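> pasting the sequence and the predicted coordinates here, then a few questions.
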Amino acid sequence: MPDVDPMKWRAIQLKYAAFTSLDERADYERGVSDAERFGGGDWEGLLRAGEARITMAVDADATAYKSSCLAEVTAGTGERGSLEARMGELTDRKIKLEASFSEFMNELAVDGGKRSAEYEHLRRTYESATMEHDELRAELGRPPVARLPPLFYWPLIVSIFFVEIPLNATALELLGELQRNYNWIFAFVAGLGFVGSSHLLGTNVRQIFGAPSWGGVAKRAAAILFFIVIIAGALGILAQLRDQVLHLQGQTAGNLAPSVGSVVGRSVETALTKWLVGISPEALQLAMLNVFIVCLASVLAFFHVDPDDRYDVATIRLARAAVAYEKHRRRTDAELKGAMEGFRKKREQLDHMLGEARRKVAASVEQIEDFRRTAVAGAKTIAQVRDRRLAAYRQGFLHGLRRPPTEGAIPAPEESRPAEPDAPAPTPDDKGAR
């Protein structure tokens, strides 16, 4: 049946659906004509031969009609099979998608997933820091002292450091080769020393009042005295160095490189013996600016820590543990949210495609059933037309046998014509074809 035209049934069905009484009259006239040529003998054989011709022609159309209808049904069934295969493929994809999402959820699970170790470590660190903080709070009988937050304190300290660099570079006022090679290096080291010492000085001053023992008080007091001496000595050396450089720069024509060692040595010796005695007003002014900056940095450091260093360390540890734990939770939540959103979109797409495939399969089944009903009605119409044609031919043949040869054509009697069959079924449109 590969050579059968699956649309041929339409032409055949239209042909027999359009059969009218005029076509029936033509078979009647054909019967009359065959009877008039009868010259005697077996008239029944002649009648059967004429009926056989009509039956053969109609049966040929009926066979072609059935073959074309079968080809149409086969094509519709094949299309439905491909749609069902597509449904199976989409269903497998949906199952795999759900399995992949379940595996991802298991990876994110805090109790049994691959990330459990990281989660457990962060959770235990956070719980340990919380417990230590609570124990210190119970021991000291107070909450942590309000302090400057790190996001406020450290930017201020860094800003003070950057102010110190040009201030100390101006204080040195070196010229020529020495200025080009050493001035900013000296300024950077001096600024870093002043700011770092001020931070440690303010911290120890704050925590000397909260030391848990007299030994802690003594240690803090020694540290305070040490940083005061260091800062005072650095201020004196810087001021004396400025005056020594200004005194010698005229004598060396701006090239002080060979005299750096002796200049620094005399400045240190003078500062240790006389400190700020004998320096110029400009050097004293710059020294006081450094003192102001040191005091400012020390005050900021004082309010940046808790009086009890244990409480301060516990608070910092708890804050860091809480940040790490919260960061892990937010990252996990973001990954989970993104995965769920992606899974939802893919599942909606698959559900939409599955729904379309199901609707097409249902429509294909309905179309095939409609076509089968139409094919049965068409076959019934062909059978009815065959019966009408045979009846008209037989009636015409019998009338032709009884009519004298000289008479004109006599119309078939109405009472002897076959009854009109039921109206043929409507021709299906393209929708009912498949």
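Now that the structure is in, tell me what you want to look at. Just so it is clear, the model here is predicted, and its values are computed rather than measured.
> which helices and strands sit right next to the longest helix seen in the chain?
In the chain, taking DSSP state H as the definition, the longest helix is helix 309-402. Other helices and strands packing on helix 309-402, by 3 or more C-beta pairs under 8 Å, 6 or more residues apart in numbering; DSSP states H and E, are helix 8-17, helix 21-36, helix 43-108, helix 116-140, helix 430-433. To be clear about C-beta, it is placed using only N, CA and C from the backbone, and glycine gets the same treatment.
> so which of the ones you listed gets nearest residue 314?
Among the helices and strands packed on helix 309-402, helix 116-140 comes nearest to residue 314, with 4.6 Å by C-beta to C-beta.
> I'd like the average pLDDT over the closest one.
Across helix 116-140, the average pLDDT comes to 80.
> and that helix, what does it pack against?
For helix 116-140, the packing partners by 3+ C-beta pairs under 8 Å, 6+ apart are helix 309-402.
> run the angle between the helix it packs on and helix 21-36 for me.
Helix 309-402 and helix 21-36 are oriented at 40 degrees to each other (axes from the mean of the first three to the mean of the last three C-alpha atoms, to 10 degrees).
> quick one: helix 309-402 to chain centroid distance?
A distance of 24 Å separates the centroid of the chain from that of helix 309-402, by C-alpha atoms, centre = their mean, to the nearest Å.
> again, but for stretch 85-105
18 Å.
> show me the contact partners of that stretch.
Applying C-beta atoms under 8 Å, 6 or more residues apart in numbering, the contact partners of stretch 85-105 are 336, 339, 343, 346-347, 350-351, 353-354, 357-358, 361.
> redo that, cut-off 6 Å
With contact meaning C-beta atoms under 6 Å, 6 or more residues apart in numbering, stretch 85-105 is reached by 339, 343, 346, 350, 353-354, 357.
> for that stretch, list every residue counted as buried.
86-87, 90, 94, 97, 101, 104 (16 or more other C-beta atoms under 10 Å).
> residue closest to the middle of the protein?
Per C-alpha atoms, centre = their mean, the C-alpha nearest to the average position across the chain is that of residue 342, at 4.9 Å.
> what pLDDT does it get?
Confidence at residue 342, expressed as pLDDT, is 86.
> using CSV, write down the CA coordinates of stretch 122-140.
This file holds the C-alpha atoms of stretch 122-140, laid out as CSV (Å, rounded to 0.1, in the frame of the first residue of the first chain):
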residue,chain,number,x,y,z
LEU,A,122,31.0,27.4,61.3
ARG,A,123,28.1,26.5,63.6
ARG,A,124,30.4,25.1,66.3
THR,A,125,32.7,28.1,66.1
TYR,A,126,29.8,30.4,66.4
GLU,A,127,28.3,28.4,69.4
SER,A,128,31.8,28.3,71.1
ALA,A,129,32.2,32.1,70.7
THR,A,130,28.7,32.7,72.0
MET,A,131,29.3,30.5,75.0
GLU,A,132,32.7,32.2,75.8
HIS,A,133,31.1,35.6,75.5
ASP,A,134,28.2,34.7,77.7
GLU,A,135,30.5,33.3,80.4
LEU,A,136,32.5,36.5,80.4
ARG,A,137,29.3,38.6,80.6
ALA,A,138,28.2,36.5,83.6
GLU,A,139,31.7,36.8,85.3
LEU,A,140,32.0,40.6,84.8
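> other SSEs contacting the helix or strand where residue 231 lies?
Assigned by DSSP states H and E, residue 231 belongs to helix 214-249. Packing partners of helix 214-249 (3 or more C-beta pairs under 6 Å, 6 or more residues apart in numbering; DSSP states H and E): helix 150-172, helix 184-207, helix 260-274, helix 281-302.
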